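Enquirer: Task: produce atomic coordinates for the following.
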Amino acid sequence: MKQFYTILLGLLCSFQLHAQKTDSLKVSRPGAAGQLNIIQPHGVVTDGFNYWDDEFSGHWSGIHLGLNGFTNEDYSMYPEEEHGFLDVNLLRSTVLDLNLIQFSKGLQRTRNTIGLVSGLGLQLQTYFLDKKTSIEKVGNRIEPIEQFYDSKQKSKLSSAYLTIPLLVEFQVPVKHYGNRAYLAIGVVAAKRMSTHTKVKYRENNKKEKLKTPDDFYMHDFRLSGMVRLGYRFINVYASYDLQPLFVDEKGPELYPFSVGIALFSF
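Expert: The predicted structure is shown next:
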């Protein structure tokens, strides 16, 4: 009898062990191809929702319109009665910038608020002369010439330039990541492509114009300091030439400047 209970107890223990073995779950580790990706909060922030990963984008390209004139004027090489012969009508003297190409490069590793901006543009510059005068090359310098046709005649000096900027731009998000105020400072190099004077007048009730192309002893290359700033749809700029308009001793010493706004940005 004791043997019977011993055998029965052994069978029960064996059955219990077998039941535990067959009912136990085996968790197999999936291979590399089927491995589950565990999403960690840090990975989401750095890989999926980190706004700073966006590329830096500056503010150069667009269509800009401004006013330009001269400052720091020196006519000491001319008789006193000829001083100011290149005085301009500031409100009619305009500059149009077509900045069609832009390159931007961020300077930070973990942010995108500071960067370099460059590109290529075309600048059309016009000075409306306040007096009824124009200019011409006489000998080794420019001289004023009076061309009086009627009381409503218009005289202007126009030039076209290719421009290449090199600006450092600082951006500050305001209330929203995409709304940024910015400040850009730097220089703009320009190559003069063409220059001409034009006098418009009426003769025998017909509109006439006298156009004279020349270089007028103006520099072929120009370097200007520039400041640009803006926020959203408001973008303004100012520039100041770092050299006079004319070659030394070839004309009055005049330093061009301009101020303007962006009509369109892209």
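
Enquirer: Tell me, how many residues neighbour residue 223?
Expert: By other Cβ atoms under 10 Å, 12 other residues sit near residue 223. All C-beta spots, glycine's among them, are computed from the backbone N, C-alpha and C.

Enquirer: May I have the beta-bridge partners of it?
Expert: Per DSSP bridges, the residues bridged to residue 223 are residue 189.

Enquirer: Next: residue 172.
Expert: residue 181.

Enquirer: show me the contacts for it.
Expert: By Cβ atoms under 8 Å, 6 or more residues apart in numbering, residue 172 lies in contact with 113, 180, 181, 182.

Enquirer: The second one touches residue 171, doesn't it?
Expert: Yes - applying Cβ atoms under 8 Å as the test, residue 180 and residue 171 come out as touching, 4.5 Å apart.

Enquirer: And the contacts of residue 172, which is closest to residue 87?
Expert: Set against residue 87, the nearest of the contacts of residue 172 by Cβ to Cβ is residue 182 (35.1 Å).

Enquirer: what's near enough to touch that closest one?
Expert: For residue 182, the contacting residues are 58, 59, 169, 170, 171, 172, 228, 229, 230, 231, by Cβ under 8 Å, 6+ apart.

Enquirer: Give the ChimeraX command for selecting the buried subset of those.
Expert: The ChimeraX selection below is limited to those of the contacts of residue 182 classed as buried (16 or more other Cβ atoms under 10 Å):
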select :58,59,169,171,228,229,230
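
Enquirer: The most centrally placed residue in the chain: what's it in contact with?
Expert: What sits nearest the mean C-alpha location of the chain, by Cα atoms, centre = their mean, is residue 60, with 1.5 Å. The contact partners of residue 60, by Cβ under 8 Å, 6+ apart, come to 99, 102, 117, 118, 119, 121, 165, 167, 184, 228.

Enquirer: remind me which residues of the stretch 1-150 of the chain are low pLDDT?
Expert: 1-53 (pLDDT under 70).

Enquirer: now the strands for it?
Expert: Listed in chain order, the strands of the stretch 1-150 of the chain (DSSP state E, counting those that start in this stretch) span 62-74, 94-106, 114-128, 133-138, 141-146.

Enquirer: And the first one, what does it pack against?
Expert: For strand 62-74, the helices and strands in contact under the criterion 3 or more Cβ pairs under 8 Å, 6 or more residues apart in numbering; DSSP states H and E are strand 94-106, strand 114-128, strand 234-241, strand 253-265.

Enquirer: No further queries at this time; thank you.
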